[in-house]
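show me how the following folds:
(one chain, ligands or ions: 1)
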Amino acid sequence: MPHKALKLNQPTGDEVKTTTCYMCACRCGIRVHLKNGRVRYIDGNPKHPVNRGVICAKGASGIMQHYSPARLRKPLLRVGERGSREFREIEWDEALSLATQWLGDIRARNPDELAFFTGRDQSQALTGWWAQQFGTINYAAHGGFCSVNMAAAGMYTFGGSFWEFGEPDWDRTKYLMLWGVAEDHDSNPIKLGLGKMKARGAKIVAINPVRTGYASIADEWVPVNPGTDGLLAGALIHELLRTDRVDFEYLVRYSNAHHLVIRDPGAADDGLIARDAEGKPLCAVRAFSSRHSGTAPGSKSGAGSGGTRNPVPFDHDAKTLGFGLRRNDGQKHSDFSLIDATQADIAPLIAGEYTLPGGRTAVPAFQLVAERFLADDYAPDSVSERCGVDAQTIRRLAAELARVAFDEAIELPIAWTDTHGRKHDSMIGRPVSMHAMRGIAAHANGFHACRTIHVLQMLLGAIDTPGSFRYQPPYPKPAPPGNKPAKSRNPDGTLTGNPLGYPQSPEDLLVDDRGQPRRIDHAFSWEFPLAAHGLLQSVIRNAVDGNPTKIDTLFLFMANMGWNSAMDTAATRELLCARDDHGDYKIPHIIYADAYDSETVAFADLVLPDTTYLERYDCISLLDRPISDAESAADAIRQPVVAPDRDVRPFQDVLLDLGARLKLPNMADASGKPMYKDYADYIVRHERAPGVGMLAGWRGVDGALAGKGAANPDQLQRYVEHGCFFEMRVPEAGAYYRMANRDYLAWAQSMGFVATTGPITMQWYCEVLQRFRLAAQGHGEVQPPTTERARVERYFDPVPMWYASQSATTSPLPPGESDARSAPGEGPGLAQAPDPRPRPLSRGERGESYPLSAVTQRPMFMYHAWGSQNRWLRQIAARNVLYVHPRTLAEHAIGDGDWVWVASERARIRVQVRAHAATAPGTVWTWNAIGKQRGAWKLRSDAPEFTDGFLLNHLIGERARDTRYGNGDPVTGQAAWFDLKVRLEHDPEPQVPGHRRQRTGD
Ligand code: SF4
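Residues are numbered from 1 along each chain as shown. Take a look at the predicted model:
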């Protein structure tokens, strides 16, 4: 069309309202253009801090999400069998009365009989609080099957996380490594950041078995084999240690690398940090110099850039370090003193063995990590074949990291004060940054893989320094944060705290007297002790099995457990319909809340229809997952830009209504009247602590305060006037080194983010893990049952390690280990702990029967299943194919475009393959969640999503093979989606289209 025919200056509508996008998890600011009260057009809000006006295909297609035919229209009550989709429409009063009756009975009997689990919602600050008021421990959101490995490893290591809680220093980083980052992750912010890097000519390296999305614009693609990221990171650490390219100064200042670790096999404190009488951690210094006038980063008295080329305030004696460690000569030092390791300006010894008062031995934590990664098992030549990356490339990547970090360090003239009160004139930066996401997390070795990357960052001095990875407020928090999962109830029936949290010792677990799980998902049990986000993927199986106990009601919100959120989809759908000997459903009641007619609706007894994101208030809170960037603390709201045209209600309103009907504490007053009119009222008036509410902006009665302050009745109006977001800049002096920056921490305390202004010590060595291992070795009041000991002992290693992820999910115990060897009192101790070195693959792990790794990618143009009903996005893709490297196709004598069978141990599915050279040869992949179950989403019965589209979920076991454990990481329970191994099988009619699936034995 000729340009002059386009009327570009015509108003799109008669009104524009701002709100926050919900077409993915990034929470960009949008402008919704309305005409006669209907949505005509959506574009990005140029003033919004997340996207600066950028809108993606998903965001712009929100109009079709809002007007989707798949929207639910009225509450539904099941009248047919589960799965039949036979419902009758009911009024809200009947729906809420029924839910109140079911939930009221439960609360009077045993609140834990309610399992309340939510999907990718953005109101967990409300839903978690609601569960706490109800009193059930059985609450979680979707993190357990998303990226809890990433979150937990970060929070236990440095009090932050990649995810959406930190970001590369986009304006200054010169070298970015993207580890397994899905192409829709943190979508617009990453795109904007990568654009900045490209403009500056900075190098981007994508480590990913598939080159799509962000990886497609990277300067270098490293096609790593799935599940070996941690091994590759370990090899990079090996090289940096071998070449002595380590920021020792940074480690000593900000981590516990110099803390002494007790080495006393068999003792109850073996492997714990040695402490003085006041509980202060100890380190060793040379006797003639217990104090050292060392330099501080950015101080005038020294270059302060640390690394290996400058004066440094530690004593590493290069000859000893480089390395007695490799030989592990056990050299004992006698000319040393033990001092408080948290002091400023000390020169600790970071290698060697030291004698503690009483004669026991201790070694610096640095040495323990160095011993592991300097072993030949982590040498590039040793890991190359397994990782699929040649050794020379690994050595080069390590050298590039070191060159940029140490030889191209940057210095910013920003004065700041550290937590010791020392003033500095500038900030020194290591312009190397890393970002990682689900690709490395969704393996049964993901927790340790993520921790290994964090150790790599620390080694380079590249966490929260100029040019490196940066925390986003409210992070950093103490590592780990102080909130633990609640275990008990108050007299009024409420839980004593939030059901989710971060255990710090075995005493924090939710287990019964026999050490068995208390939660329905087995989170925070000896099976998955650090399951910080719960295990949604295990709930249905366990509920049907009554394991550990029966539940009465499964209450799901936005969690498509009847399809793409379930492993072994067919089995899960059967479980939802399972009946007992009396013919009753084994899960007596299922309540499901969603805006759309997804596959899971079919299995609900009661359906509570939600609004679309354009019809309600939402709160993107600093108490939950805010929209901060490294420069600012920020939060946001959604406002209703149009009124619902159906008989639907915002789920958050419904939840508060239910709470009031149930007369839950803090939702109904003494007379039984609701305390909150609706969610908007709750957002404004609810306080989590005095002065700390859901929103940080315009607090105080006149709206003059930020962070803390009394409730402001006009708060939501002020947000609307300001584009539905609030941001407050971090003071310049608090720009970096936030874990030990007094200027930042004082500001963070004033905002309510941290309790004190004390330093946050990064956990190079994770003592929390060792506490669990000691329990497995027979120490302490709370110990695992005999059946769990070897597993806990193996995987709770305080030093990051790598193991083949299949080895954690294919046998109850690692080969060669038995339960018997770890009876109480017989633990092998730190020095004799199970061998953590990468070991040769077993036959099964080599995948001789199923030689290919199979993974999914979330498309940039759809967020999981959310785009399935969106007629604009369906034009981009209404079906998916299996992408295979051309060489792999040739080896199998399969043609590009053929229909083949993809088989795992669990099932096989018939799919079409396409040649894709940007796929690692040992990997196959497809888009996630395009395939649909016939009958759902109001799609036509011949929709390509049904006929040709498919899910890999059908091939994935919900239980780890041959075990009673869920298919996940033994530390956190993270669902091991990407450990799937498959093979390709010919179909006799490769040109005949059509998707089918068969379970093994069918
Ligand atoms: S990136 Fe996500 S939040 Fe931002 S516009 Fe796109 S869909 Fe919306």
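
please make it C-alpha for all contacts and neighbour counts, starting now.
OK.

can you confirm residue 282 is in a helix?
No. Read with DSSP: H, G, I helix; E, B strand; the rest coil, residue 282 is strand and lies in no helix.

per-residue confidence for it?
Residue 282 carries a pLDDT value of 97.

show me what contacts it?
Residues near residue 282 by C-alpha atoms under 8 Å, 6 or more residues apart in numbering: 259, 260, 273, 274, 275, 276, 338, 339, 340, 341.

quick one: residue 583 from the ligand, how far?
44 Å (C-alpha to the nearest ligand atom, to the nearest Å).

can I take it that that residue is in a strand?
No. Counting by three-state DSSP, residue 583 falls outside a strand, being coil.

the ligand contacts on the chain?
Proximity of the chain to the ligand (C-alpha under 6 Å from any ligand atom) is limited to residues 21-28, 55-56, 58-59, 187-188.

send the alpha carbons of the top helix by length along the chain over as PDB?
Ranked by residue count and defined by DSSP state H, the top helix of the chain is helix 92-109. Extracted C-alpha coordinates of helix 92-109, given in PDB (Å, rounded to 0.1, in the frame of the first residue of the first chain):
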ATOM      1  CA  TRP A  92     -21.700 -16.800  41.700                       C
ATOM      2  CA  ASP A  93     -23.500 -17.000  45.000                       C
ATOM      3  CA  GLU A  94     -24.000 -20.700  44.500                       C
ATOM      4  CA  ALA A  95     -20.400 -21.200  43.400                       C
ATOM      5  CA  LEU A  96     -19.000 -19.300  46.400                       C
ATOM      6  CA  SER A  97     -21.400 -21.000  48.900                       C
ATOM      7  CA  LEU A  98     -20.300 -24.400  47.600                       C
ATOM      8  CA  ALA A  99     -16.600 -23.500  47.800                       C
ATOM      9  CA  THR A 100     -17.100 -22.000  51.300                       C
ATOM     10  CA  GLN A 101     -18.800 -25.200  52.400                       C
ATOM     11  CA  TRP A 102     -16.000 -27.500  51.100                       C
ATOM     12  CA  LEU A 103     -13.200 -25.200  52.400                       C
ATOM     13  CA  GLY A 104     -15.000 -24.500  55.700                       C
ATOM     14  CA  ASP A 105     -15.300 -28.200  56.500                       C
ATOM     15  CA  ILE A 106     -11.600 -28.600  55.800                       C
ATOM     16  CA  ARG A 107     -10.500 -25.700  57.900                       C
ATOM     17  CA  ALA A 108     -12.600 -27.000  60.800                       C
ATOM     18  CA  ARG A 109     -11.100 -30.500  60.400                       C
END
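
which is the succeeding secondary structure element to that helix?
Next in sequence after helix 92-109, counting helices and strands by DSSP states H and E, comes strand 114-118.

and that following strand, what does it pack against?
The helices and strands touching strand 114-118, judged by 3 or more C-alpha pairs under 8 Å, 6 or more residues apart in numbering; DSSP states H and E, are strand 139-140, strand 553-557.

okay, those, which one's buried deepest?
Most buried of the helices and strands packed on strand 114-118 by mean neighbour count (mean count of other C-alpha atoms under 10 Å) is strand 139-140; its value is a mean of 27.

and stretch 909-920, end to end?
21 Å (C-alpha to C-alpha, to the nearest Å).

pull out the buried positions in that stretch.
Along stretch 909-920, these residues count as buried under the neighbour rule (16 or more other C-alpha atoms under 10 Å): 909, 910, 911, 912, 913, 914, 915, 916, 918, 919, 920.

low pLDDT regions in this structure?
Scanning the chain for pLDDT under 70 picks out 1-4, 288-333, 807-847, 1001-1002.

among the contacts of residue 282, which one sits closest to the ligand?
residue 259 (42.8 Å; C-alpha to the nearest ligand atom).

contacting residues for the residue nearest to that closest one when sequence neighbours are not counted?
Nearest residue to residue 259, sequence neighbours excluded (C-alpha to C-alpha, 6 or more residues apart in numbering): residue 283, at 5.0 Å. Residue 283 sits next to 258, 259, 260, 338, 339, 340, 341, 348, 349, 364 when contact means C-alpha under 8 Å, 6+ apart.

now with 6 Å, please.
Listed by C-alpha atoms under 6 Å, 6 or more residues apart in numbering, the contact set of residue 283 reads 259, 260, 338, 339, 341.

do the same with residue 709
Taking C-alpha under 6 Å, 6+ apart, we find residue 709 in contact with 691, 699, 700.

among those residues, which one sits closest to residue 994?
Lowest distance from residue 994 to those (C-alpha to C-alpha) belongs to residue 699, with 58.1 Å.

and the closest residue to residue 652 other than its chain neighbours, its phi and psi?
Distances taken as C-alpha to C-alpha, 6+ apart put residue 679 closest to residue 652, at 5.9 Å, once the chain neighbours are dropped. Main-chain torsions, residue 679, degrees, to the nearest 10: phi -70, psi -40.

got the residues of the chain next to the ligand as CSV, with neighbour count columns?
Compiled in CSV, the residues of the chain next to the ligand are given as follows (neighbours: other C-alpha atoms under 10 Å):
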residue, neighbour count
21, 26
22, 23
23, 22
24, 21
25, 17
26, 22
27, 27
28, 29
55, 21
56, 17
58, 23
59, 24
187, 22
188, 20
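
out of these, which sit inside helices?
Among the residues of the chain next to the ligand, the ones falling in helices (DSSP H) are 58, 59, 187, 188.

and the gap between the first one and residue 42?
So that's residue 58. In this view, residue 58 and residue 42 are 10 Å apart by C-alpha to C-alpha.

ok, the residue nearest to residue 652 - how many residues close by?
Residue 679 has 23 neighbours, counted by other C-alpha atoms under 10 Å.

please tell me how far it sits from residue 654.
Distance of residue 679 to residue 654, computed by C-alpha to C-alpha: 9 Å.
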